[in-house]
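Asker: model the structure of this input:
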Amino acid sequence: MLTPFHGESMAHGVVRVNQASGRCELAGFSAGVVRAIFTRRRTRAITGTARREACSLAGRRESMAHGLVVRYGQGRFVDRKRHRDAGNGLMRAFMCDFKCDRVQIPKEQPMSEQAFAGKTALITGGSRGIGKGVALRLAGEGAKVAVNYLSNQATADATVAEIESAGGAAVAIQGDVSQPEEAARIVEETRATCGPINILVHSAGLSIVKPATDVTWDDWKTTMNINLDGTFNMVYAVKDEMIEQGAGAIVCLSSVAALRERENQVPYAASKAAVIAMVRCCAQAWGRHGVRINAVCPGLVKTDMADTLSPETQKSILANTPLGRLGEPADIASLVRFLVSDESSWITGQAMVASGGRVMLPG
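Answerer: Predicted structure coming up:
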């Protein structure tokens, strides 16, 4: 009789039997889908997409991407697809009744949860908003994170504390990205405390909202100093190290304002459009060195910057958003996470939009 045990195996893990104890363990992790085959005498598992294999039991081949194949008795198979949860990648395992009475989870996390183990990520503007969302996401998947902030040390320390309380590693580094010497110092401190920089996410930014006819030179220069000069300073502060390493991933935060007319955001829209142009040029220049750089163009996200828009403007934006809600920092963090991961190893020089459908690029 087959009975469920207490525990679930991740879709990226591999189940094996410890020959000494006879218990099942989660072992070598791979980027495929686990197909576990349980018999009365032994337990085996193979992966799907990463290492394409088909299992053969009693001369019968099975190829099930998500289900569970159980052999109990001579040549009898049961399809346990109903016990899968393809949405979140969990697959319930059912054990035979010999010694596999429970699963022992190793201390190591599955590869899917440790995609950035051993890597260092520098996040500018990382103490709040989108930057904080990115810092939490990457740290949660194993990266050592440097949280850059300009002036609010309390929020930066709180972000670091949140990461550390979840078992991650992070450090807060103060610095003004609009100043070249400060950008260089931020990078040097990150390198000294966390190791060589593998990932840069430049999230620091400023938006001044006022009618086009009222924009002053100070508005223009202040916005450009932070949004464009800051981008140049940070990217150029890490690019030599990444080129020397032969690898690196950079994401610069732009905006949908760079892609559509915004009469009340002239300096902001211009600065973010320039960021996209810079990203494309750098991608062409550094791709041969293994360095990838992309831009992310968020729509309206629930951050402090969104509060600079009037309630009427926010209501109008929401009404024109097909998905019917404002973005969350976690929405953008998911896209950034993809772009700095090996999963996007053939993507560079792109401006990726995440706006709930409010801004759609032509095909």
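Asker: partners of residue 122 in the sheet?
Answerer: Residue 122 forms beta bridges with residue 146, residue 200, as assigned by DSSP bridges.
Asker: would you mind measuring from it to residue 251?
Answerer: Separation of residue 122 from residue 251 (CB to CB, to the nearest Å): 11 Å. Where you see a C-beta, it was placed from the backbone N, CA and C, and this is true even at glycine.
Asker: what touches both of the two?
Answerer: Jointly contacting residue 122 and residue 251 under the rule CB atoms under 8 Å, 6 or more residues apart in numbering are 200-201.
Asker: list the buried residues for the helix or strand hosting residue 285?
Answerer: Using DSSP states H and E, residue 285 sits within helix 266-286. For helix 266-286, a neighbour-count test (16 or more other CB atoms under 10 Å) marks 266-276, 278-280, 282-283, 286 as buried.
Asker: then stretch 168-179?
Answerer: Neighbour counts over stretch 168-179 (16+ other CB under 10 Å) mark 168-178 as buried.
Asker: distance of the residue nearest to residue 349 when sequence neighbours are not counted from residue 342?
Answerer: Ranked by CB to CB, 6 or more residues apart in numbering and with sequence neighbours excluded, the top spatial neighbour of residue 349 is residue 283, at 3.1 Å. From residue 283 over to residue 342 the distance is 17 Å, taken as CB to CB.
Asker: same check, this time on residue 289
Answerer: 17 Å.
Asker: between these two, point out the one with more neighbours.
Answerer: residue 289 (15 against 10; other CB atoms under 10 Å).
Asker: who's in contact with that one?
Answerer: Counted by CB under 8 Å, 6+ apart, residue 289 has contacts 242-243, 246.
Asker: now it: phi and psi?
Answerer: Note on residue 289: backbone dihedrals following degrees, to the nearest 10 are phi -100, psi 0.
Asker: and the pLDDT at it?
Answerer: pLDDT for residue 289: 98.
Asker: next: the one 4 residues further on.
Answerer: According to the predicted model, the pLDDT of residue 293 comes to 98.
Asker: my guess is it contacts residue 242, does it?
Answerer: No: judged on CB atoms under 8 Å, residue 293 makes no contact with residue 242 at a distance of 9.3 Å.
Asker: so the two - more neighbours on which side?
Answerer: residue 293 (28 against 24).
Asker: parallel or antiparallel, which strands does the helix or strand residue 172 falls within pair with?
Answerer: Assigned by DSSP H and E, residue 172 falls within strand 169-174. Partners of strand 169-174 in the sheet, by DSSP bridges, are strand 144-149 (parallel).
Asker: buried sites along the partner strand?
Answerer: For strand 144-149, burial by neighbour count (16+ other CB under 10 Å) applies to 144-149.
Asker: pLDDT below threshold where in the stretch 1-150 of the chain?
Answerer: Under the criterion pLDDT under 70, the flagged ranges of the stretch 1-150 of the chain are 1-113.
Asker: cutoff 50 now
Answerer: Applying pLDDT under 50 to the stretch 1-150 of the chain flags residues 1-17, 23-112.
Asker: where along this structure do the helices fall?
Answerer: 129-140, 153-165, 180-194, 217-224, 230-245, 266-286, 311-319, 329-340 (DSSP state H).
Asker: dump those into a markdown table; add distance to residue 355 as well.
Answerer: Shown next, in a markdown table, are the helices of the chain (distance: least, CB to CB, whole Å):
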| stretch | distance to residue 355 |
| --- | --- |
| helix 129-140 | 13 |
| helix 153-165 | 25 |
| helix 180-194 | 29 |
| helix 217-224 | 21 |
| helix 230-245 | 20 |
| helix 266-286 | 13 |
| helix 311-319 | 9 |
| helix 329-340 | 10 |
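Asker: which of those has the lowest mean pLDDT?
Answerer: Looking at these, the bottom one is helix 311-319 with a mean of 91.
Asker: mean neighbour count, the helices of the chain: which tops it?
Answerer: helix 129-140 (a mean of 26; mean count of other CB atoms under 10 Å).
Asker: could you check the angle it makes with helix 153-165?
Answerer: Here helix 129-140 points in a direction 30 degrees away from that of helix 153-165 (axes from the mean of the first three to the mean of the last three CA atoms, to 10 degrees).
Asker: measure how helix 129-140 sits relative to helix 329-340, angle-wise.
Answerer: Using the same axes, to 10 degrees: helix 129-140 against helix 329-340 is 60 degrees.
Asker: and helix 129-140, what other elements does it pack with?
Answerer: strand 120-124, strand 144-149, helix 153-165, strand 169-174, strand 199-202, helix 329-340 (3 or more CB pairs under 8 Å, 6 or more residues apart in numbering; DSSP states H and E).
Asker: got these as TSV, with distance to residue 182 columns?
Answerer: What follows is those, written out as TSV (distance: least, CB to CB, whole Å):
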stretch	distance to residue 182
strand 120-124	11
strand 144-149	10
helix 153-165	15
strand 169-174	9
strand 199-202	14
helix 329-340	23
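Asker: wait, which of the ones you listed is closest to residue 298?
Answerer: With CB to CB as the criterion, residue 298 lies closest to helix 329-340 of the helices and strands packed on helix 129-140, at 5.0 Å.
Asker: what helices or strands is the closest one leaning on?
Answerer: In terms of contact count using 3+ CB pairs under 8 Å, 6+ apart, helix 329-340 is assigned the packing partners helix 129-140, strand 199-202, strand 248-253, strand 291-298, strand 351-354.
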